[in-house]
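structure of the sequence below:
(3 chains)
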Amino acid sequence: MRYLKLYARFIPIYFKSKTEHGFGFYMDFIGFALTHVVSYTVIWALMSRFQTINGWNMYEVMLLYTLNMLTYAVAAVFFFFQMNDVEDDVHKGSFDSLLVKPINPFIHMIIRSFGHFFLGDIAIAVIMLSVCFSHLNIHLHWGSYLSFVVMLLGAVLVQASFIIITGSMCFWIVRARSVKNIVIFGIRGFVDYPISIYSKIMRILLTFVIPYGFVNFYPSHLILNKEGGSLFASWLPYTTPIIGLLLFFIAYRVWNAGLNQYQGTGS
Amino acid sequence: MPLIQVDHLRKEFKRQKRKDGFWPLMKSLLYREYEQKVAVEDISFTIDQGEIVGYIGPNGAGKSTTIKMMVGILVPTSGNVRVNGLVPFENRIENARRIGAVFGQKSQLWWDTPVIESLRLTKYMYDIPEDRYLQNMALFSDILGLEEFKNVAVRSLSLGQRMRADLCAALLHDPQIVYLDEPTIGLDVVVKERIREFIRQINRERGTTVILTTHDMADIEKLCSRVMVVDHGRLMYDGNLHTLKNDYGNMESMELDTEEDFVMDDALLRMGISFNRTEEAKTQLVYDKNNINSSAVIKWIMARYSVRDFKVKETEIEEIIRNLYAGFSQEEPKRQEVTV
Amino acid sequence: MRIALYREMTLNAFRSLLAFRAEVLLYLFGQLFKVLVQIYIWYALFGDNNLLSSQAGTVSLQEMITYVVVSSVISVFATNDVIFSVSSKVSSGEIAMDLIKPMSFRSVIFCQALGTNMYRILFELIPLVIISMSFFHVQLPSLANGLIFLILVFNGLILNFLITYTIGLIAFWYILVWQVNTVLGGLIRLFSGAFIPIWFFSDSLVQISYLLPFRLIYYEPISVYLGKVTGWYDLLAIVLQQLAWMAGFLLLQKWMWSRAVHKLVVQGG
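Alright, predicted model coming up:
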């Protein structure tokens, strides 16, 4: 409760300082938005020529892309720039300021900044989600909606965990940002298309080792009429929230191990 | 013909008005409002070969802007600069070959490159003949003490080391003129002294013209024969340091420590002496040394008090400059800002 | 021409990058992942077919895999940080330090880009080619096609530099660097044929891409590599278009620079 109150105080300050940059503040949203416009156009250009990829049609592929973007954006609002700040702090030696405050450093890390960049992504994702739903004729009753949202929350936790784990690498290695970039902008790109197109080894990797498959591929099976052929088990999609919680727990442990490392070496 | 000739130089900047809020911002996309700022209003001077000129003034007075027009980075709004007969911004590259510059806050060296490599690159940049390069390197690294950090990447140098390396790079090609924009800012006394000695030596032995901006009055006192003071984009004083001291530094102060409590006397006031109490509760008398002789003052006091100790001090250059700046702001209280 | 100066400046940029070898390894992995994703996508799109019809006649899976690899090779060179470095120099005022040097600002930036490219050949291109060659069956061009391909890629990269440099100069008027960079990156990704060859485009997209210069950097050289363009007349047309766009951007950046010089503002007064 105390933390929420603190957060409520931090956020207006953050927005005030950002809007003072004026024009650039609004262009941030537009910049990100345009990237996605291009991505959707690429999918459109490809799918209007080929109709389906591995049995997935244009709007189904767009749905996958949208879910990846949406869950990432929600996680990134709270973690992306925050973890970048942590890395900067560790390099500059100003990370101590987080440790001397009477707040759990993990919470403090989250609430001292805010990823306003990603709000534009979320808006686009919601619009595109409804576009895909209407083209795919998906009509859910409220119970299914609710369980779909729970799945997506699990997916958000998966996304957040990867940001935290890769970001925490800065406690051990100097150029941690490259690790983060390769996971978040490289490996995450694998799930922009249905992972059933990949070889079995890669599908196993994306399901059990680096479970990005739970970000969009598995949850989407709950609302699309897909044959279970590409799944390892038909109940796998339902485990999304559990995978999310488990991974987030691991991420938190990694973060704590990083803190110990930092305090141990006392750089 | 003078080496540098500056005639009625003027530089205005247009600056877009900042807008707050969403709609004013969107509006500013369609048409923009500018406000105009005059950085340099009207400056004229000439500098001859071999001079060391201190170009001083408060922050934002127009020093850097003038210098950047002289090196050809900025284009004047009106007026003329001629360096060696060339208009710098029209012949930027030709002009750049003959000058060296150090801008204290920024480095012209390559950030990720070791000092020695960076310096070697300037050899190619300015087409310095190999023997001349080696000769200069030997001399400069000796005076500036570059040897100890010549293999270190520029980014990991301390400020003092970086400044020495930058100074070396600016002078390797035997430029006719060097522009030094705050070359001693943030440095410790030892490094400052080293840099000053280097500048003096180069000027003496090679006749290099030096134009120097600084906030450190010791730089001025130790290096410059001529001082130009600029404020509000105008030249307020141009002359030698000695005259400046005489014209603005005619006040003298006497610090007294007396057994009895000192009481200011009307007789002293009539003589034109003013009275202060110093922080250590000593007496301070200030007077114009052109009108009053210090021995007359001390004689008058010795007759009335038993004096434990006394000191006579000339006004320091810093105070002269401070008086000078203060004088300007009374003459022209507001910066000129024109809105268009 | 001051060859020695250009050589030294380029070598210097190359050497400065040597400090970042760990990053390179990771970047290389990233590049490989992209190639891998694209190859799987084409596998899936081809399905059971081995040949697909396109605007350039039939295309085999083999050719598409080669297309993906060659395209990623070009992108190693074409992905530069010219826009970023020009605009950050302008907005930070660091450009002043380049302007006191006796060489043009464009040459300073060009040497830096060239040095970066040299570095990439060694640490990114060669590993990428070796790995791709050993895991995927990449077709080799005929000697003639290969030589023409090299000429076209060279022109394309110069064109690419001029485009990015010109866009970087916008920073004198607007400081919207990364947004501009992102938009340009997106446009190139789509309309250069770097990802989807233009021969699979619908007519409307084909028309747009022919109005833009980007296909001259990726699509046209790769088409020549694969032997899809053979007529001397067609080859000449590609070269002439490249030269025309280069001339256009050369004039544009000259004009912009002459205006930009008057826009320079220096902090500090």
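
please count neighbours and contacts with C-alpha atoms only from this point.
Fine.

please enumerate the strands of the stretch 1-150 of chain C.
For the stretch 1-150 of chain C, the strands defined by DSSP state E, counting those that start in this stretch cover C:51-54, C:57-60.

looking at those, which has the lowest confidence?
Here the strands of the stretch 1-150 of chain C differ in mean pLDDT, and the lowest is strand C:51-54 at a mean of 80.

returning to that earlier point: the strands of the stretch 1-150 of chain C: which one's closest to C:Val229?
Nearest to C:Val229 among those is strand C:57-60; the distance by CA to CA comes to 10.9 Å.

contacts made by that closest one with the rest, please.
C:Asn50, C:Leu51, C:Leu52, C:Ser53 (CA atoms under 8 Å, 6 or more residues apart in numbering or on different chains).

by neighbours, which of those wins?
C:Leu51 (15 neighbours; other CA atoms under 10 Å in any protein chain shown).

tell me the one among the contacts of strand C:57-60 nearest to C:Leu61.
C:Asn50 (5.7 Å).

closest to C:Trp178 out of the strands of the stretch 1-150 of chain C?
Nearest of the strands of the stretch 1-150 of chain C (CA to CA): strand C:51-54, 35.4 Å.

and the closest one, how far out from the chain middle?
27 Å (CA atoms, centre = their mean, to the nearest Å).

same question, stretch A:64-81
Using CA atoms, centre = their mean, the offset of stretch A:64-81 from its chain centre is 4 Å.

got it, and stretch C:247-254?
18 Å.

one more: stretch A:202-214?
Distance, centroid of stretch A:202-214 to centroid of chain: 15 Å (CA atoms, centre = their mean).

so where do the strands sit in the stretch 51-200 of chain A?
A:52-53, A:56-57.

pick the most buried one from those strands.
Among the strands of the stretch 51-200 of chain A, the stretch with the highest mean neighbour count (mean count of other CA atoms under 10 Å in any protein chain shown) is strand A:52-53, at a mean of 20.

so what are the sheet partners of it and their directions?
The pairing partners recorded for strand A:52-53 under DSSP bridges are strand A:56-57 (antiparallel).

same question for the strand it pairs with, mean pLDDT?
Mean predicted lDDT for strand A:56-57 stands at 91.

quick one, helices of chain C?
C:3-17, C:21-46, C:61-78, C:82-92, C:95-99, C:105-120, C:126-135, C:143-168, C:177-191, C:203-211, C:219-225, C:232-263 (DSSP state H).

ok, the stretch 51-200 of chain A next?
In the stretch 51-200 of chain A, the helices defined using DSSP state H, counting those that start in this stretch lie at A:58-92, A:96-99, A:105-111, A:117-135, A:142-168, A:176-181, A:200-204.

and what of chain B?
With DSSP H as the criterion, chain B has helices spanning B:22-30, B:63-71, B:92-98, B:115-125, B:130-144, B:159-171, B:189-206, B:217-223, B:241-248, B:266-271, B:294-302, B:317-331.

mind giving me the packing neighbours of the longest one?
Based on contacts counted as 3 or more CA pairs under 8 Å, 6 or more residues apart in numbering or on different chains; DSSP states H and E, the elements that helix B:189-206 packs against are helix B:130-144, helix B:217-223.

how about B:Gln284, what does it touch?
B:Ser253, B:Met254, B:Glu255, B:Leu256, B:Phe275, B:Asn276, B:Arg277, B:Thr278.

please indicate which of those are buried?
B:Ser253, B:Met254, B:Glu255, B:Leu256, B:Phe275 (16 or more other CA atoms under 10 Å in any protein chain shown).

turn those into TSV, columns for pLDDT.
TSV is the format used below for the buried ones among the contacts of B:Gln284 (pLDDT from 0 to 100):
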residue	pLDDT
B:Ser253	81
B:Met254	84
B:Glu255	84
B:Leu256	84
B:Phe275	82
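
mind putting these into JSON lines with distance to C:Gly93?
Shown next, in JSON lines, are these (distance: CA to CA, whole Å):
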{"residue": "B:Ser253", "distance to C:Gly93": "45"}
{"residue": "B:Met254", "distance to C:Gly93": "48"}
{"residue": "B:Glu255", "distance to C:Gly93": "48"}
{"residue": "B:Leu256", "distance to C:Gly93": "52"}
{"residue": "B:Phe275", "distance to C:Gly93": "49"}
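
tell me which of those fall in strands.
B:Ser253, B:Met254, B:Glu255, B:Leu256, B:Phe275 (DSSP state E).

contacting residues for the residue of the stretch 1-150 of chain A found nearest chain C?
With CA to the nearest CA, the shortest gap between the stretch 1-150 of chain A and chain C falls at A:Gly31, namely 4.5 Å. Applying CA under 8 Å, 6+ apart to A:Gly31 gives the contacts C:Trp178, C:Gln179, C:Val180, C:Thr182, C:Val183.

ok, and of those residues, which contact chain A?
The subset of these within reach of chain A, by CA under 8 Å from any CA of the partner chain, is C:Trp178, C:Gln179, C:Val180, C:Thr182, C:Val183.

let me know the secondary structure of the nearest residue to the second one once chain neighbours are set aside.
If I follow you right, that is C:Gln179. Once flanking residues are discounted, C:Gln179 sits nearest to A:Gly31: 4.5 Å by CA to CA, 6 or more residues apart in numbering or on different chains. Classification of A:Gly31 by DSSP: H, G, I helix; E, B strand; the rest coil places it in helix.
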